[in-house]
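[1] all I have is the shape, not the residue letters:
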């Protein structure tokens with residue numbers, strides 16, 4: 001699946017209500033952004049809270065690499081309810 005299809009699929013299943021960055025930590029080659037989001041399942045009353053960590057490599061002031069680590073269990077449980 002190409003990236004557009006992946007993100008379109010996410011948008012069909014859930015809506016983010018709030019995203020909060022709790023901490024940003026500099027690393028030798030970039031930064032870590034730790035936070036959480038609250039969202040709900042489309043077409044269902046189930047909502048969920050989950051933790052995220054964005055790992056970014058930064059070169060010359062630009063993000064050159066981005067990895068999103070997600071605790072997806074709460075989201076999957078809401079989608080299945």
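    Cool, the structure landed. Since this is a predicted model, take the numbers as computed values, not measurements.

[2] and the contacts of the strand or helix carrying residue 31?
    Here residue 31 is covered by strand 30-41, with elements defined by DSSP states H and E. Residues external to strand 30-41 that are found in contact with it (Cβ atoms under 8 Å, 6 or more residues apart in numbering): 13-25, 46-58, 63, 65, 75, 78-79, 81. Bear in mind the C-beta positions are built from the backbone N, C-alpha and C, glycine included.

[3] just checking, next helix/strand downstream of it?
    The first helix or strand that comes after strand 30-41 along the chain, using DSSP H and E, is strand 47-59.

[4] run the chain-centre distance for that following strand.
    Distance of strand 47-59 from the chain centroid (Cα atoms, centre = their mean, to the nearest Å) equals 5 Å.

[5] repeat for stretch 63-81
    Computed by Cα atoms, centre = their mean, the chain-centroid distance of stretch 63-81 equals 5 Å.

[6] that stretch spans what distance, first to last residue?
    One end of stretch 63-81 sits 37 Å from the other (Cα to Cα, to the nearest Å).
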